[in-house]
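Enquirer: fold the following, please.
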Amino acid sequence: MLLSLATGCLVEGDPLYPGPDSLQAPGDVGAEADATPEEPPAFAAIAPILAARCGACHGDPPLSGLPSFPDHTRAAAFADRIIARIDQGNMPPVGLEPVTAAERALVAAWVAGGAPE
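Expert: Numbers count the residues shown, from 1 in each chain. Predicted coordinates:
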């Protein structure tokens, strides 16, 4: 067990070692290799989230001094900042309905996919 803690590797005899029967053979790629990566969501899936959760302040027109992102071009320009503010818990501000975990995942997938139209 000491070896596994020092190296980070699991070795036979270690209580955490799953055993050879549970390990995948080197040539056995399994079902995961057949899975096609999902396409990032289109802006049409993101627009209702932005309207519902962000539109009160960042709509068209936005509150004074705030950027607006009522369409794809404007939202894509702020994509990284949008997801960062959601992750920090800064947006939407206290008092407004928070972004749900499912909405956050959809926005994050859109941002990670390059904010496609």
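Enquirer: how is this protein partitioned into domains?
Expert: 2-34, 43-112 (automatic domain parsing).
Enquirer: lowest mean pLDDT across the ones you listed, which one is that?
Expert: Among the domains of the chain, domain 2-34 carries the lowest mean pLDDT, at a mean of 47.
Enquirer: please enumerate the helices of this structure.
Expert: For the chain, the helices defined by DSSP state H occupy 2-7, 43-53, 55-58, 72-77, 79-88, 101-112.
Enquirer: who does the fifth one touch, helix- and strand-wise?
Expert: Same thing as helix 79-88. On a contact count with 3 or more CB pairs under 8 Å, 6 or more residues apart in numbering; DSSP states H and E, helix 79-88 meets helix 101-112. No exception for glycine: its C-beta is placed from N, CA and C like everyone else's.
Enquirer: circling back: can you say which of the helices of the chain is nearest to Gly95?
Expert: helix 55-58 (9.9 Å; CB to CB).
Enquirer: including mean neighbour count, could the helices of the chain go into JSON lines?
Expert: Converted to JSON lines, these look like this (neighbours: other CB atoms under 10 Å):
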{"stretch": "helix 2-7", "mean neighbour count": "10"}
{"stretch": "helix 43-53", "mean neighbour count": "17"}
{"stretch": "helix 55-58", "mean neighbour count": "18"}
{"stretch": "helix 72-77", "mean neighbour count": "16"}
{"stretch": "helix 79-88", "mean neighbour count": "16"}
{"stretch": "helix 101-112", "mean neighbour count": "16"}
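Enquirer: dump those helices to JSON lines, plus distance to Leu66.
Expert: Below are those laid out as JSON lines (distance: least, CB to CB, whole Å):
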{"stretch": "helix 2-7", "distance to Leu66": "51"}
{"stretch": "helix 43-53", "distance to Leu66": "13"}
{"stretch": "helix 55-58", "distance to Leu66": "6"}
{"stretch": "helix 72-77", "distance to Leu66": "12"}
{"stretch": "helix 79-88", "distance to Leu66": "11"}
{"stretch": "helix 101-112", "distance to Leu66": "18"}
